[in-house]
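[1] attaching a predicted model along with its sequence, questions to come.
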Amino acid sequence: MIEGYRPPNVTFRTRVRDESIGGDNPYRWEDVHSTDLFKGKRIVLFSLPGAFTPTCDTYQLPEFEEKYDRIRNCDVDEIYCVSVNDAFVMNAWAKSQDLQNVKVIPDGSGNFTRYMGMLIGKNHLGFGNRSWRYMCVINDGAVEKWWQEPGINNNGDDNDPYGETKPENCCSYLERK
């Protein structure tokens, strides 16, 4: 991905809490458009292979939550985590992680990830299509800075690298700007 690229406009199907619904499951469907998330804002977006998976669950998402204030203090409006998982899974994952700050985005169909050029096959693990690990700063709808893990492939011969997309690398970049 090159700096200046404008991510695609896709619709994310989300589930949001709505107390007016009542009952044990007070959630409703809400469409969120990617351009609405990015327009007029400077955001950090990171993507990972899947909710509840070892590296994503133990390191990547918790590390971004931990560094939330540090990142936001660098003229960043929001931090989003996108994954090729549905809204039910992403909401359950956010709850299990006790997220207070990082917002999760369900890309259940993988359309956003596909248009970003990051949709890969993880069939060797039984996952189907997932996202390759990447991270970017998007400024008013355009990629300002891009990181991705080395070795992107569709045959599953990677060791799920996690180095380039650590939040510390994002912090170092943002603090120099």
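    Sure, I can see it.

[2] please tell me how far Glu78 sits from Tyr68.
    As for Glu78, its distance to Tyr68 is 10 Å (criterion: Cβ to Cβ, to the nearest Å). Quick note: C-beta positions are derived from backbone N, CA and C, even for glycine.

[3] for Gln60, same thing?
    Counting by Cβ to Cβ, the gap from Gln60 to Tyr68 is 13 Å.

[4] same drill for those two, tell me which one is more crowded.
    It is Gln60, of Gln60 and Tyr68, that has more neighbours when counted by other Cβ atoms under 10 Å, with 22 against 19.

[5] can you tell me the closest non-neighbouring residue to the more buried one?
    Leu48 (5.4 Å; Cβ to Cβ, 6 or more residues apart in numbering).

[6] quick check: that neighbour touching Val84?
    No - contact criterion Cβ atoms under 8 Å: Leu48 and Val84 do not qualify, at 9.4 Å.

[7] what do these two both touch?
    Both Leu48 and Val84 are in contact with Ser131, where contact means Cβ atoms under 8 Å, 6 or more residues apart in numbering.

[8] coming back round to it: please name the bridge partners of the residue nearest to Gln60.
    Under DSSP bridges, the beta-bridge partners of Leu48 are Ser83.

[9] count of residues packed around it?
    Neighbour number of Leu48 under other Cβ under 10 Å is 28.

[10] which residues touch it?
    Each residue near Leu48 by Cβ under 8 Å, 6+ apart is listed here: Thr55, Cys56, Gln60, Leu61, Cys81, Ser83, Ser131, Arg133, Thr165.

[11] quick check: it vs Asp75, distance?
    From Leu48 to Asp75 the distance is 24 Å (Cβ to Cβ).

[12] also Asn111?
    In terms of Cβ to Cβ, Asn111 sits 29 Å off from Asp75.

[13] tell me which of the two has more neighbours.
    Neighbour tally, Asn111 and Asp75, criterion other Cβ under 10 Å: the higher count belongs to Asn111, 16 against 10.

[14] so where's this protein uncertain?
    1 (pLDDT under 70).

[15] so which residues of it form strands?
    11-17, 27-33, 42-48, 78-83, 103-106, 119-121, 129-131, 134-139, 142-148 (DSSP state E).

[16] of all these, which one is nearest Leu174?
    strand 134-139 (7.2 Å; Cβ to Cβ).

[17] mind listing the strands that closest one pairs with, and their directions?
    When sheet partners are counted by DSSP bridges, strand 134-139 sits next to strand 42-48 (antiparallel), strand 142-148 (antiparallel).
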